[in-house]
Structures are given as C-alpha cells and as structure tokens.
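# Below are the sequence and a predicted model for it; my questions follow.
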There are 2 protein chains.
Amino acid sequence: MPTLPYDKTEIEMLIRAALPREEGLQRTVIRAMREAVENGGKRIRPILLFETCRCFAARRGETGWKEEAAPFLAALEMIHSFSLVHDDLPCMDNDTLRRGKPTTWYVYGEAMGTLAGDGLVLEALTVAGRAVGQSRHPERAARALAILGEKSGVGGMLGGQSVDVEKTGEHLDATTLDFIYRLKTGALLEAAFMMGAALGGASEAEISCAEQIGRAVGLAFQIQDDILDETATEAELGKPLHSDEKNQKTTYVSLFGLEAAREAVRQQSEAAEQRLREFPGETETLAALIAYLTDRRF
Amino acid sequence: MPTLPYDKTEIEMLIRAALPREEGLQRTVIRAMREAVENGGKRIRPILLFETCRCFAARRGETGWKEEAAPFLAALEMIHSFSLVHDDLPCMDNDTLRRGKPTTWYVYGEAMGTLAGDGLVLEALTVAGRAVGQSRHPERAARALAILGEKSGVGGMLGGQSVDVEKTGEHLDATTLDFIYRLKTGALLEAAFMMGAALGGASEAEISCAEQIGRAVGLAFQIQDDILDETATEAELGKPLHSDEKNQKTTYVSLFGLEAAREAVRQQSEAAEQRLREFPGETETLAALIAYLTDRRF
C-alpha cells in the first residue's frame, strides 16, 4: 500500500485546534465528536484545500493564507466526519467498525451517535461563520462558506447519499450511478479544491476550473475503488473482497466491464492533471496527491 | 387558546422561498425537508428575528433590512425544524405524530428521516453562507451566522439536547435542569433576538441585551410549559395531561413547587420586558409577542 505523499502533521494540528474542548455538562457529546474526527483518516480533503490555497495565494505573494485556510479545512473535515458518523448508524449501513475502531453510535448509543453527527455539522457552521467575521478577505471567506454548504447539502454530498439510500437493492442505470458518484463521493472533493481556490483569491473562472479537477478526481477515485473491489487481493485491500457483489451493488465495473472502467480512470486522471496546469504557482504537491488518489494500488 | 398576536403571512412566504425546490434525482429528501418545515409551526423564532431587526434598522432609517433578515430567519427556522425531525426519530423520542401529522421518519423511514434533518442543517448553512456574500453589510451578516452556529451547536441547543438524552430517566438537580432549559429551549430564542439585532446594526452591548431577553423569555416559556402540564385541562392543552409526571421527568414544578414556578415566570417575564425598553424604536409588537410566549393560557 503506497503511503500518502504528504506530511500531514500541520493539518492534523489545525483540525484538532478547531474542535470544541471537552468540557461542560455536555462533554459526552463533545468527546464523541472529537473521537469521530480524531479517529484516523487520511485528511485528503483538508490537504487538498490547504495546498490549493497555497498555490493561489503564492501568485500575489500573500502571507497569512494559512490562517485563512485553517478554519475552513477544519470545517470541511468536520462535515466529512459527520457524514461517516451518520452513514454508520443502524438505520443506514449499520456498521460497528470503522478504521478498525468501534463506530460512534456503537460506543455511545444511537441517540448520542445521531447527536454527535449533528454536532459536527453545527460546529462546522460555527467555525466557518466565525472565520468569515475575522477574515482579512471576508468576501473570499463568504464564498468558501457558500461552497461548503452547496457541496455538502442536497445539491451535493447529502443529495447523493439520499439517492443511494433510496435506491438500495435496486439495479442502477448509468445516469443514476453517475449522479451518486458525482455527488456522494465527488462533491466534497470539489469543495476542497474550490474552497482552497476561493480562499487564495482565485477568480470565478479559476474556482470553476478547481471544480472540474475535483469532479474528475472524485470519479477516478470512485471507479478505481470499484476496480479494486473486483481485482485486488484481500491482503492488498485490507477489507473483505467483492463486497459490492455481495451487497448486489451496481458499480461502474458491473455496468461497463473492467476494461471500460480502467479507461475511465485513465481519462479522468488525465483530465484532472491537464486542468491542474491552469493553476498558478507550484503544483507538484497537488499533482502527486491527485496521482495517489486516482491510481491507488491498495 | 389565545392566538399569536402577529400576522405571519410575510414570514411564511420568506421561509418557503428560501427552501430548495423539489427537483432532481434527490427530490424525495427535498420533499421530506420541505414538508418538515411547512408542516405548521408558529414561526416564533423567525418572527422575533424579523421584528428585532426592524427595531434596530429603524434607528438609522435603514431600508433593505427585510432582504438582509430574510435568509437568516429562514436558516434559523430550518435549524429549528431539523431539531424537531431528529428529536422524533425512534432512537430519540420515537414520536409518530407532530402537530397532528405523521413525523418525517414515520412517513419516509428512519434513514431518510435522518437525512432530511441533516439536509435542513446543511441548507441553513448554505442559505446563510450565500447571504453573507450578498449582504450590503457583510460584517453584520457574518456576526449573525456565527451567532446561529454558536446557539445551535454544542454550546447551545444541541448541547442541551445531548444532556437531556444522557440524563433520561434520572432525577435532575437544579443546575442540570437550568442547563437543559437554557440551552435546549432557550438558545434558539436567544439566537432569534441576537441575530435580529446584529442584522439591524446593533452594537455588541445591544446584542448582549438581546441575548438576556431571549434567555429570560426562554426560561419563562419553559417553566410556563411545566406549570400548564400540571394545571391545565386536557381540552385547554390539546395534548395528554401530566405527560411529564408519566414520563418521570424532572420539571421546574416537581423541583420547586407550583408557587415558586409561577413566581419564576413572573420574574423572567418582567426581566424580559424591562430589558426590551433598551431597544430603539417601536417595541410594542415585540412586547406583545413576549407577553404571549410567557403567559400562554393554552
């Protein structure tokens, strides 16, 4: 399994610092929230936001961009964590383990698990809301906040998740599968690139370019996941093989076959790399991250 | 049962206009969200926000305050609706009826009920986030957004709810009961007054005064609710009597007795009315609303 081509120490620190402190009568829900976020995770989305912001800020030699990005990368990761906490609930996927550890609801009960997820969304709103008020570029921060909402809600991740839930057990056509991949997996990756661009002072055209990159990366990542479920060994994957087949899930591979799936990953990866050239500044780090995400051999 | 001393036609319209349109593959979750918000409700919080904003905006003869308040009153009502949708879930109160209609999860299933609640929070974030970007007073809008987050999350409503859930079935002491009342019931009322003030251009001292009013109204409202559960007839109340006693819930009345409870309502109502005099402009409408909320004979 290749390791993430990135030292995420600084990102981890920024995320932790943004989480509420475990104190007061409500400390149980806060502990559940903190554990859900602190429980591993590759921090892909915050890293992409941070590095995209770095590229754009460098163009005008701006300093202080880390302080601008910090609350937003934390808010984005909180939204991602919230979605995992609620996905694991008994009424959703009914999972008791995530990254080898007991899931939030399994430790704290279903009611507290639901509340911990809710608490993470509301904390994201709080952290990002405060950040807009304190920003040196409030119009950029407001744009980043609007992107976060649009890509998380019914027009983004949650919209995709709701269709996935509604169609459980049904055979999906290509349009529906594409919709679910684009929204459920892709939307928060789009948000990462777009928010980073917005906070670094990108134009609307550049934010739109960032969106295209996120979309391509999201699709390539998800289709690669389908391929690996079909072809990897259990040891390589670190989880049971053929889980999609067993769950009778429609995947890109089941719809179009392995070869077309591999070709789609190639096309989307290339599209992402192509458009990345439109970003200003040093894009090597982002290029390496994109290659890692779209060409995972694990 | 006295009727609300307010024509809420305009408020209803503003809330509806801010909700996402029922379209796309994800229309089921959007329908569930819309129904949860459109299903009655007195719209207390949006009305208080709107009228508080009116008072402060009038001081400088500002026009355009309705456009500034509209997205935020809708976002506040979405957060309130989300909390009801999740409170009704089987893992929380397991309620099948609210305001005489089947609850969201009972109609759409538990998974979609959870997602509809999540969708409402994320839509609140989206609507308020966009509003900051479009505001003529972005610093005021950013302040309102931060207040919304702080009063909804672990330091507000959700914090109170989490303690209520954790202590279910236990006898509560006065400190814990006060904490739950102040956060679970009070925090969104505080938010309504505070956000209205912030959007109307109030100073931090005035926003703090608005917070005090919200806190007093919230406490008076909740204690009055305890009193009515003890003393009203079933016909007056429109719901089963002595529900708190049956659920073995600690209430202000069970802790301190009826007379002390009545005295507390009187004190808190007076405190709210007193501090309301510090608001600029015409406060008759707000005074009538506060009297209605703290002296309900229903």
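Now that the structure is in, tell me what you want to look at.
# Could you check how many residues crowd around the residue nearest to A:Ala146 when sequence neighbours are not counted?
Leaving out its chain neighbours, the residue that sits closest to A:Ala146 by C-beta to C-beta, 6 or more residues apart in numbering or on different chains is B:Gly129, at 4.1 Å. In short, each C-beta sits where N, CA and C put it, glycine included. Number of residues near B:Gly129 (other C-beta atoms under 10 Å in any protein chain shown) recorded here: 28.
# hang on, isn't B:Gly129 packed against A:Gly149?
Yes: assessed by C-beta atoms under 8 Å, B:Gly129 is found in contact with A:Gly149 at 4.6 Å.
# Okay, now the unreliable bits of the stretch 1-150 of chain A?
A:1 (pLDDT under 70).
# Which stretches in it count as strands?
A:97-98, A:101-102 (DSSP state E, counting those that start in this stretch).
# What helices and strands are in contact with the first one?
Counting contacts by 3 or more C-beta pairs under 8 Å, 6 or more residues apart in numbering or on different chains; DSSP states H and E, strand A:97-98 is packed against no other helix or strand.
# For it, give me every contacting residue.
Strand A:97-98 is contacted by residues A:39, A:84, A:88, A:103, A:106 when judged by C-beta atoms under 8 Å, 6 or more residues apart in numbering or on different chains.
# Stretch A:172-192 now?
A:44-46, A:48-49, A:52, A:76, A:79-80, A:83, A:147-148, A:151-152, A:155-157, A:159-161, A:163-164, A:167, A:210-211, A:214-215, A:217-219, A:221-223, A:250-252, A:255-256, B:25-26.
# So which bits of that stretch are buried?
Residues of stretch A:172-192 classed as buried by neighbour count (16 or more other C-beta atoms under 10 Å in any protein chain shown): A:172, A:176-177, A:179-192.
# pLDDT value on A:Ser243, please?
As predicted, A:Ser243 sits at a pLDDT of 67.
# Now do the phi/psi pair for A:Thr168.
Here is the backbone geometry of A:Thr168 (degrees, to the nearest 10): phi -50, psi 130.
# quick one: it and A:Asn94, what's the gap?
12 Å (C-beta to C-beta, to the nearest Å).
# A:Glu206 now?
Distance from A:Glu206 to A:Asn94, by C-beta to C-beta: 42 Å.
# So if I had to pick from those two, which one is more boxed in?
A:Glu206 (21 against 12).
# ok so that one is a strand residue?
No: A:Glu206 sits outside any strand when classified using DSSP: H, G, I helix; E, B strand; the rest coil, being helix.
# Nearest residue to it in space, ignoring adjacent ones along the chain?
Using C-beta to C-beta, 6+ apart, the closest residue to A:Glu206 is A:Ala197 (5.5 Å).
# Can you give me the neighbour number for A:Glu282?
The burial count for A:Glu282: 12, using other C-beta under 10 Å.
# so A:Ala142 touches A:Val132, yeah?
Yes: if you go by C-beta under 8 Å, A:Ala142 and A:Val132 touch, sitting 5.4 Å apart.
# Spell out which residues are contacts of both of the two.
B:132, B:138, B:142.
# Present those residues as a markdown table; the columns should include neighbour count.
As requested, the shared contacts of A:Ala142 and A:Val132 are exported to a markdown table (neighbours: other C-beta atoms under 10 Å in any protein chain shown):
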| residue | neighbour count |
| --- | --- |
| B:Val132 | 28 |
| B:Pro138 | 19 |
| B:Ala142 | 27 |
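# now, which of these lie close to chain A?
By C-beta under 8 Å from any C-beta of the partner chain, the members of the shared contacts of A:Ala142 and A:Val132 lying near chain A are B:132, B:138, B:142.
# For A:Ala17, state which of these is nearest.
B:Ala142 (20.7 Å; C-beta to C-beta).
# check contacts around the closest one.
Counted by C-beta under 8 Å, 6+ apart, B:Ala142 has contacts A:129, A:132-133, A:138, A:142, B:132.
# what about 7 Å?
Residues counted as contacts of B:Ala142 (C-beta atoms under 7 Å, 6 or more residues apart in numbering or on different chains) are A:129, A:132-133, A:138, B:132.
# Would you point out the most distant pair within those?
It's A:Gly129 and A:Pro138 that sit farthest apart of the contacts of B:Ala142, by C-beta to C-beta, at 11.6 Å.
# JSON lines for the strands of the stretch 1-150 of chain A, including distance to A:Phe72?
JSON lines is the format used below for these (distance: least, C-beta to C-beta, whole Å):
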{"stretch": "strand A:97-98", "distance to A:Phe72": "24"}
{"stretch": "strand A:101-102", "distance to A:Phe72": "27"}
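# Now mean neighbour count too, for those, in CSV please.
Converted to CSV, the strands of the stretch 1-150 of chain A look like this (neighbours: other C-beta under 10 Å):
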stretch, mean neighbour count
strand A:97-98, 14
strand A:101-102, 14
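# Helices of the stretch 101-250 of chain A, residue ranges please.
Here the stretch 101-250 of chain A has its helices, by DSSP state H, counting those that start in this stretch, at A:104-108, A:110-134, A:138-152, A:157-166, A:174-180, A:187-199, A:204-231, A:234-237, A:243-246.
# What helix or strand is A:Thr285 located in?
helix A:284-294 (DSSP states H and E).
# Enumerate the positions of that helix that are buried.
Those buried within helix A:284-294 under the rule 16+ other C-beta under 10 Å are A:285-287, A:289-290, A:292-294.
# okay, who's weakest in those residues by pLDDT?
Among the buried residues of helix A:284-294, pLDDT bottoms out at A:Thr294, giving 89.
# Look up how far A:Tyr252 lies from it.
14 Å.
# Check A:Ile79 too.
25 Å.
# do the same with A:Ala288
Applying C-beta to C-beta to A:Ala288 and A:Tyr252 gives a distance of 25 Å.
# swap in A:Gly133?
On the measure of C-beta to C-beta, A:Gly133 and A:Tyr252 end up 43 Å apart.
# More neighbours: which of the two?
Ranked by neighbour count (other C-beta under 10 Å), A:Gly133 and A:Tyr252 place A:Tyr252 first, with 25 against 18.
# So the more buried one versus A:Thr185, what's the distance?
11 Å.
# How about A:Ala18?
For A:Ala18 relative to A:Thr185 (C-beta to C-beta), the value is 24 Å.
# go on, A:Glu38?
23 Å.
# Equivalent analysis for A:Lys249, please.
Counting by C-beta to C-beta - A:Lys249 and A:Thr185 are separated by 13 Å.
# residue contacts, A:Leu25?
B:163, B:176, B:179.
# next one: A:Leu293
A:44, A:217, A:221.
# need the residues of the stretch 101-250 of chain A near chain B, please.
Where the stretch 101-250 of chain A comes near chain B, counting by C-beta under 7 Å from any C-beta of the partner chain, the residues are A:110-112, A:114-115, A:118-119, A:121-123, A:125-126, A:129-130, A:132-133, A:138-139, A:142-143, A:145-146, A:148-150, A:152-154, A:158-159, A:161-163, A:165-166, A:176, A:179.
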